[in-house]
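K.L.:
Sequence and predicted structure below; questions after.
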Amino acid sequence: MTYKAPKGTHDILPEESAGWQRLEATVRSVMDRFGYDEIRTPLFEETTLFARSVGETSDIVKKEMYTFTDKKGRSLTLRPEGTAPVVRAFVEHHLGRGRDLTKLYYLGPMFRYERPQAGRFRQFHQFGAEAIGSADPAVDVDVILLFTRILEEAGLGASSVALNSVGDAACRPRHVAAIREALAPRRDALCPDCVERLERNPLRILDCKVPACRELAAAIPSAIDFLCDACRAHEGAVEEGLAAAGIWFRIDKSLVRGIDYYTRTAFEIHHGALGAQNALGGGGRYDGLAAELGGPPTPGIGFAAGIERILSVVDKPTAHRPPVVVILSNDADGEVVARRLLYKIRTVARAEHFGGEGHVTKKFRRANEAGARFAVILFKDEIEEVRKGILTVKDLSAGLQDQEKQRKRQEDEFLNELRALVKREG
Ligand code: HAM
């Protein structure tokens, strides 16, 4: 009996880790410069948190949640997204107390029971940001700039921002009425879920994946054509702000996000290599969410991006990083000395010990093949010197032949040199 990772999940293998770490470091660095602090919420929450925020009629809640009952009969759900948990934590811990704007970011796994395909998994990873406390369109612009800056620094040049407004509680009823009016005569052509949506939440018909519904949805009126004055002014200010910042964007009237909490600004960022179906990430405003979750009415806006999708379109860094130093020994008396020295060198640099029996030439060859920059020679003749802090070091950067490159070095001085080298070159 052998096992495989569950369908829709994947191991992040050692050779992939360098790419993940580099992207995560970029995310943390840019978030820090934009003034966002990290928040880590549990991987599961009460099921009703998502039902109330993401929406009972959304695909996520209807079909994609990993929901289970715990031993006390509570219904819990593996988080399918990060915004509801973050706003739940914001309300629960009064994170907005004493400040106008609370800026939070997160990074971690999300779970959706989706049909696995390219760029779509059941456990996937997001990074995201939420700016909670301001209705100012300047914050929308700042959040979009945060996202584009991360993509830029991650090495993704050719990505494009699609922008739309989905209106708010004031203008949505007119839009909903128009959708009902347009689709009522075509009711029979809709899938059973969408027939229910037509009653309960016609907006969600816009993100149905059934081809017949998609075709009908393409022809129905867009939210942006029904905006009230306040929403229109907000939308205009976001457009102006993005243009002033030199960000290339396009208005996409058909952009709907498959989640109920959105109000006003909605956006997605796409990349040519992924196709129209798979966004790198998306987000928008959710001015009613904090109140919906029992907190004081507090506007907010944020985004989340799929890490797997980003990594699939950026260049991969070198996976395995070679040791900087290899200690070579082949004498039983030298083993303990070598181990002690190894432990010390590892305070500053990647180091390995090639000990045990073996011919000197073979050991040098192995060090060279491992890609080490320096070999510390610790054969029988060197043991006493190493005990006294004098090392015989061969610089392997010029290959094995160059005898000039072998020198006696004071241990402290060598460690300092390594420290500087690692700082410079990593
Ligand atoms: P979302 O559009 O559902 O938004 O997900 C954001 C991103 O997560 C997607 O654009 C995609 O890159 C990635 N993603 C989603 N599902 C999968 C999947 N099954 N496999 C791989 N990647 C996936 C949200 O989650 C909102 N919470 C974003 C947000 C934050 N809105 C406001 N603040």
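P.N.:
Cool, got the structure. Predicted model only: the values in this text are computed from it and were never measured.
K.L.:
Make sure I have this right: R22 is in a helix.
P.N.:
Yes - assessed with DSSP: H, G, I helix; E, B strand; the rest coil, R22 lies in a helix.
K.L.:
Taking the centroid of this structure, which residue is nearest it?
P.N.:
Nearest residue to the geometric centre of the chain (C-alpha atoms, centre = their mean): F127, 3.2 Å.
K.L.:
so does the strand or helix carrying that residue get close to the ligand?
P.N.:
F127 belongs to strand 123-132 when elements are defined using DSSP states H and E. Yes - using C-beta under 6 Å from any ligand atom, strand 123-132 comes into contact with the ligand via F124, Q126, G128, E130. C-beta: built from backbone N, CA, C; applies to glycine.
K.L.:
just these now: which is nearest the ligand?
P.N.:
F124 (3.4 Å; C-beta to the nearest ligand atom).
K.L.:
mind checking the backbone torsions on whichever residue of the chain sits closest to the ligand?
P.N.:
When scored by C-beta to the nearest ligand atom, the chain has G306 as its residue closest to the ligand, at 2.4 Å. The phi/psi pair for G306 (degrees, to the nearest 10) reads phi -90, psi 120.
K.L.:
Just list whatever residues bridge to it.
P.N.:
Q126 (DSSP bridges).
K.L.:
Would you mind naming what in this structure lies close to the ligand?
P.N.:
Checking the chain against the ligand by C-beta under 6 Å from any ligand atom, the hits are 81-83, 112, 114, 119-121, 124, 126, 128, 130, 257, 279-284, 302-306, 308-309.
K.L.:
switch to 5 Å and redo it
P.N.:
81, 83, 112, 114, 120-121, 124, 126, 128, 279, 281-283, 302, 304, 306, 309 (C-beta under 5 Å from any ligand atom).
K.L.:
Any stretches of the stretch 251-400 of the chain with poor pLDDT?
P.N.:
400 (pLDDT under 70).
K.L.:
And the strands in it, which stretches?
P.N.:
Secondary structure of the stretch 251-400 of the chain (DSSP state E, counting those that start in this stretch): strands at 263-271, 281-285, 300-306, 325-328, 351-354, 374-377, 390-395.
K.L.:
Let me know which of those strands is tucked in deepest.
P.N.:
Comparing these by mean neighbour count (mean count of other C-beta atoms under 10 Å), strand 325-328 ranks first with a mean of 27.
K.L.:
Okay, now the sheet partners of that one, with direction.
P.N.:
Assessed with DSSP bridges, strand 325-328 is paired to strand 351-354 (parallel), strand 374-377 (parallel).
K.L.:
Including distance to L415, could these go into CSV?
P.N.:
What follows is the strands paired with strand 325-328, written out as CSV (distance: least, C-beta to C-beta, whole Å):
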stretch, distance to L415
strand 351-354, 11
strand 374-377, 11
